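Q: The following block contains a protein sequence and its predicted model.
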Amino acid sequence: MVVEEGIQVIEDKFLINSAILVILIPFLTGIFLLFLRGLEIRNKTKFSERLTGSIGVAGLLGSLINATIIIFTYFNKYDAKTQRVIGDTPFVSSAHGTFKWGISLDPLSVIMMFLLAFIASVIHFYATEYMHGDTAYTRFFGTLNFFTGAMFGFVLASNLFMAFVFWELLGVSSYMLIGYYWPKASAASAAKKAFLYNKIGDVSFLVGIAYIWQITLKAHHPTLDYHELTNLISNGTISINQLWFPGLLLFGGAIGKSAQLPLFGWLPEAMEGPTPVSALLHSSTMVKAGLFLLSRIYFTFVTVGGHYEAFIPEGDAALTATLITWLGVLTALCGALIALTATDIKKVLAFSTISQLGYIGMAMGTGQIHVGFYHLVSHATFKSLLFLCAGAVIHSVHSQEMKDMGGLKKYMPYTYWTMLIGLLGLVGFPFITNGFYSKDALLVAIKNSDIPLAGLAFTIALITAGITAFYSSKLFILTFLGTPRYDKDHVHPHKTGIRMRIALIILAIAVVIESVWWAVGSIGGLASEKINKSFWNFEYRLGDLIGIHGAPFALIDTIPSILAVILGISLAFGMYFYQIPFLISLKEGGFIIKLENIIANRFGFDKLIYVLAMGPGMWVGSKFRRFDEEVIDGFIINTVIKDGSLKLADYSNKLDQDGIDGVVNGLGDITSELGYNLRKVQTGQTSQYARWMMFGLALLLSIMTLLYFQTFTIK
Amino acid sequence: MELLYLLLIPISLALPTYLVGRWKPEFAKYLATLTILVTTIYNFILWFADFTNPSTNYGSFMYNYTKSWVPSVGIYFSVGVDGLSMPLLVLTQLVFLVSVVSSYYIKDQQGTYYALLLVLLTGVTGTFIALDLFLFYIFWELVLVPMFFMIHIWGGPNRKYAAIKFFIFTHLASLVMLIGLFYIYLEAYRNSGQMSFLLVDLKVNLNGVSFKTLALIFWLVFIGFVTKFPQVPVHTWLPDAHVQAPSPGSAILAGLLLKMGGYGLIRIPFWLFADVVDESGQHFFDSKEGHTIRIIIGFIGMVSMVYPAFIALQQDDLKRMIAYSSISHMGVVLLGLAAYNEWGINGAMYMMIAHGVISPGLFLLSGIIEHNTKSHTRDMSKVGGLAHKMPFTAALFVFMAFASAGLPGLAGFVSEFNVFIGLFANKELMASNDKFFIFPFLPYVIIPVLAVLSIIVTAGYYLWAIQKVIFLEQTDELENSTPAKWWEIQPVFILAIFTVILGLFPNTVWMVLDSWTQTILPH
């Protein structure tokens, strides 16, 4: 059975209005806060942080309440498997095709929306304390709310047009947030870099949309709705053989936004923004937007056949899926390798995000959308927690470098424990963490997929899991364990503040809940038949809702990843905690150091982009400018036309004087007298001419008016 | 009669403004502001009264007023508006209103300045509403004169060169256009035996003229319009004129004078030839000749979009950069016309409106920056950290720059998105087998692809400008600067509001444009 056939579109004013509120409340509070910031600047005052911070958090809480209402109503009232709530209104309507605002409530968007509302609320709450004392506190919350609102819009969009609108808004608001400390040169250029890298993807996205429009237009049914496109495919009006190329272009957009190879360079730089921004950017907004897009347009690269199977199409159409998967695999590996060499605690986390995004992209590419989404949810939860913990640490020791930390366990117990929970999730510690189950599902998905060289991809993914375990443990050891390395005279690590602590605990609880949930669903499902699979097993349920099933959870599949994780952790502990000389000597081998250099330079991808894009761009620019100045303006206009016509005038003048003038000389005597009198008028001042022109016009006008009235009266 | 007020009020008050200015210079600016405020309000009333009904057919002329002028050759004094010209007419009043307010810094010969502004307003208004080719040409040329003086008298250090260059370029092109206009008249006369310069008559009378002749006429008028527009390679007057003109002058130049070229291009060939069919019932722009024309203007549009964008990347003078970006955006208009479907043409017309509110804002902002720096410079290498001293100006600059770069939710995006949708939906441009006859190795598909890629460059130069001028630490140039005065910043703010309205609720204007476009597209 193909699920799409049975899809039913429901109109539900109440739910749609709630969804609109989910988008609008953060937007409007954001704009209101920016307006307040304007007042602050004008009156040179500062509103109390309690007021502006509350407005910021309230905006998100408003969304969270609405999101909660939606998620409960939708899953209780409707059969999520076959019923979608869709509402739209025209935005730009031409006679033969309209671009619409539209909201679609379906399992993916509703879950994503709730997750986002939850995480963003916590992060906002955390930020009220973290940003304490900042001069532009109001601006921070204004932009942050705007940013979250843009992500809500993207998630809830029912068509590609609206998705693109919010996609771009995400880009610009992230630009504002990354460049939050704009007087700093590094922040300003990081913001610019992020926007431009994203823009490359955006153009690809735009062209993809245009292609889809062209294809559906040819099929006499122009549309950009996800829902209608799925219908068009399932009833055979358009086929995947037409769609794989636009799908590839849309994926190009995702490469930019979700920091896949080779456009990942902006993401580590985005750390220039305040830490809550990084937490939001890395967990559930921005970078997840690209992957969420993939889950929305999966019909362009995989075929969902009967019996809950998603398979990669044959022929040319397989290219898109193959590319998504393999780029994902390579991104995962590269991100993890670079994270190994990073020394800045936030950079480690940033590269680990890139690596995990690669994982998710890999799963999406194989067609197992639900598996990708599964890991997306896990990752969003633990990564937001990790960033907030890192923020707390940075707040405490006033440095981002791990060499300035160490032994913080004593001073920051809450952060220690919450970070441990988060890291266990990231590592995918066997059986007790959410990351373990979702990562296992990923590995199974890649192993069973039919993309070329699936075995190799599986091996790389496995190695990546080991590396992840290694750098996560290293981060943990260097930050919290061992002896303190910070400057004891100046830095006095303090306990994390109460609001930040609450935020950390809430997110840690969320990770734990997910872990228990996933564990009961997977392990419990194996142990007992009584466990309700469609509730406890998130992966199974999600697959059920969108019509794809992967291989069920099996203990035997987990063995390789467990081994990789244990190996990674023990190596890290041996090297950094117990400092076994043999292991340290491994690290200091000449070859390894050379390799480290290459990796630390990000495999030269940044340089490559520079060489390929910016260098030639500037070169072309300077050549074009000179062409404009020297050829078009200089040679053609000045030399050929100006000098040419002067020369022509010269010749005519000679002809005039020698030939015609003699005849006219007699006449000239008479006119010269007249000219003498008129000379007074010709003062050579432009303003005078202007006045004369005005008089002339006025005269003309009077005559015309007179004539007009005359014809009027005669008639 | 309604439209006559719009013409007569400014021109009849031009001379009084000058005279008042001789007596008390401040009064001249208030009188001019009041005059333009009245025409603006009146024009908005007209819009809300008659241009908000979705079921109206905006393809026909409203407020038509026709009087015989020179009956012996069929010249009429005829004015009227339709879905194409009305939005531009409203835009005209709006841009003039903000320009007159932001001219308050001018202290030199105020009477003359404001009187010229009123004459200019009449010229621009007349160009958009004239329904007679002859009248159209008169207004078209009338615009040149006050603009020339504005640059020449109140311009920057190199103003004389710029003013003369502006005049020669546009005037020469106008002459070529005039030949084209007469050609149209004569062909229509020969074809039907009716002597008339009236556009509505010509539209009917041209039916039956051979497509080869029409193609020739197209290129003649195209030269005239495209120079005003301006497109590569006849664009070099624009950066000079902009840099030297006073910033309100630049605002009018970019906001309206460029639009006159676009308007003329759509009105004269595209609208006028829309009903012409050959024996087989084929429309001109669908025929072989029309096909060639569209490919070539598409190519010109693409070059004009890409080439100036790269040049803008290399500019140091803020105003010069914005001038090049204007050329680049006008390339979008030409591309939309080349696409020749509803998205393309609507997008092209919408781009004229969107650019008409965005680019004046940017020019006025660069004017504010210039007036507030120590050595009155706009060089990006010298001005930096503007946000420290002039936060509102800085915020508006960022806003307008993003609007110009096509941020969704703002006016520019709607048009750019539609033009690209239109381009990619065009079968001929997407044909990868058809090659240019000039460049046999290039398929047509290079046109949309290169054009769309230039979006990145556009974002690039704006971001660079923002980084250098707005962000970072403050430079010495801004030591004495103070927050902008109300008459400096409010006009830009009004434009920003319109940018948002046009971006969020495009349908109010779009339905008028679309209703008009449906009347010229063959079905």
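A: Thanks, I have the structure now. Numbers count the residues shown, from 1 in each chain, chains lettered A, B, ... in the order given.

Q: quick one: least confident helix or strand in chain A?
A: Of all helical and strand segments in chain A, the minimum by mean pLDDT, DSSP states H and E falls on helix A:661-678, at a mean of 60.

Q: What about the residue in the stretch 251-400 of chain A positioned nearest to chain B, how many residues nearby?
A: Among the residues of the stretch 251-400 of chain A, residue A:256 lies nearest to chain B; the distance is 10.6 Å by C-beta to the nearest C-beta. Glycine gets a C-beta too; all of them are placed from N, C-alpha and C. Residue A:256 has 25 neighbours, counted by other C-beta atoms under 10 Å in any protein chain shown.

Q: In this model residue A:206 seems to touch it, though I could be wrong.
A: No - with contact defined as C-beta atoms under 8 Å, residue A:256 does not count as touching residue A:206 (11.7 Å).

Q: so how far is the longest helix anywhere in chain A off the chain centroid?
A: Longest helix of chain A, by residue count under DSSP state H: helix A:185-218. Offset of helix A:185-218 from its chain centre (C-alpha atoms, centre = their mean, to the nearest Å): 10 Å.

Q: now swap in stretch B:379-395 and tell me
A: On C-alpha atoms, centre = their mean, the centre of stretch B:379-395 falls 28 Å from the chain's centre.

Q: Ok, stretch A:560-567 next?
A: 32 Å.

Q: show me where pLDDT drops low in the chain?
A: I went with chain A, as the question did not name one. Low-confidence segments of chain A, defined by pLDDT under 70: A:1-6, A:305-308, A:656, A:659-694, A:697-698, A:701-715.

Q: that's the wrong chain, I meant chain B
A: Judged by pLDDT under 70, chain B has its weakly predicted residues at B:431-441.

Q: for it, what's the longest strand?
A: strand B:62-70 (DSSP state E).

Q: Is any residue of the helix or strand following that one near chain A?
A: Next helix or strand after strand B:62-70 toward the C-terminus (DSSP states H and E): strand B:75-81. No - Strand B:75-81 lies apart from chain A when judged by C-beta under 8 Å from any C-beta of the partner chain; the minimum separation is 8.6 Å.

Q: Return the angle between stretch directions for strand B:75-81 and strand B:62-70.
A: If you take axes from the mean of the first three to the mean of the last three C-alpha atoms, to 10 degrees, strand B:75-81 sits at 170 degrees to strand B:62-70.

Q: Other residues contacting strand B:75-81?
A: For strand B:75-81, contacts defined as C-beta atoms under 8 Å, 6 or more residues apart in numbering or on different chains pick out B:3-4, B:7, B:61-69, B:89, B:126, B:128-132, B:134-135, B:196-199.

Q: and chain A, which of those reach it?
A: residue B:67.

Q: Let me see the ranges of the strands in the stretch 1-150 of chain A.
A: For the stretch 1-150 of chain A, strands defined by DSSP state E, counting those that start in this stretch occupy the ranges A:8-10, A:83-94, A:97-105.

Q: same thing with the stretch 151-300 of chain B?
A: Under DSSP E, counting those that start in this stretch, the stretch 151-300 of chain B gives no strands.

Q: show me the contacts for residue A:290.
A: A:201, A:253, A:254, A:255, A:256, A:257, A:258, A:259, A:260.

Q: Could you work out the most separated pair of the residues you listed?
A: Farthest apart among the contacts of residue A:290 by C-beta to C-beta are A:253 and A:259. That separation is 12.2 Å.

Q: So which of the two has more stuff around it?
A: Taking neighbours as other C-beta under 10 Å, residue A:253 and residue A:259 compare with residue A:259 leading, 31 against 28.

Q: For the lengthiest helix in chain B, buried residues please.
A: Secondary structure of chain B per DSSP H: the longest helix is helix B:159-192. Buried residues in helix B:159-192, counting neighbours by 16 or more other C-beta atoms under 10 Å in any protein chain shown, are found at B:159, B:162-163, B:165-167, B:169-170, B:173-174, B:176-178, B:180-185, B:187-189, B:191-192.

Q: One more: stretch B:358-374?
A: Within stretch B:358-374, judged by 16+ other C-beta under 10 Å, the buried ones are B:358-370, B:372-373.

Q: Would you check the distance separating it from the middle of the chain?
A: The answer for stretch B:358-374 is 19 Å, by C-alpha atoms, centre = their mean.

Q: now stretch A:518-533
A: That offset, for stretch A:518-533, works out to 36 Å (C-alpha atoms, centre = their mean).

Q: in that stretch, what counts as buried?
A: Quick answer for stretch A:518-533 (16+ other C-beta under 10 Å): A:518, A:519, A:520, A:521, A:522, A:524, A:525, A:531.

Q: so how far is residue A:268 from the closest residue to residue A:204 other than its chain neighbours?
A: Spatial nearest neighbour of residue A:204, chain neighbours left out: residue A:252 (2.9 Å); criterion: C-beta to C-beta, 6 or more residues apart in numbering or on different chains. Using C-beta to C-beta, to the nearest Å, residue A:252 is found at 21 Å from residue A:268.

Q: Can you verify residue A:531 is assigned to a helix?
A: No - counting by DSSP: H, G, I helix; E, B strand; the rest coil, residue A:531 falls outside a helix, being coil.

Q: The host helix or strand of residue B:28 - contacts with which helices or strands?
A: For residue B:28, the host element (DSSP H and E) is helix B:25-50. On a contact count with 3 or more C-beta pairs under 8 Å, 6 or more residues apart in numbering or on different chains; DSSP states H and E, helix B:25-50 meets helix B:2-23, helix B:85-101, helix B:110-129.

Q: Many thanks, we can stop here.
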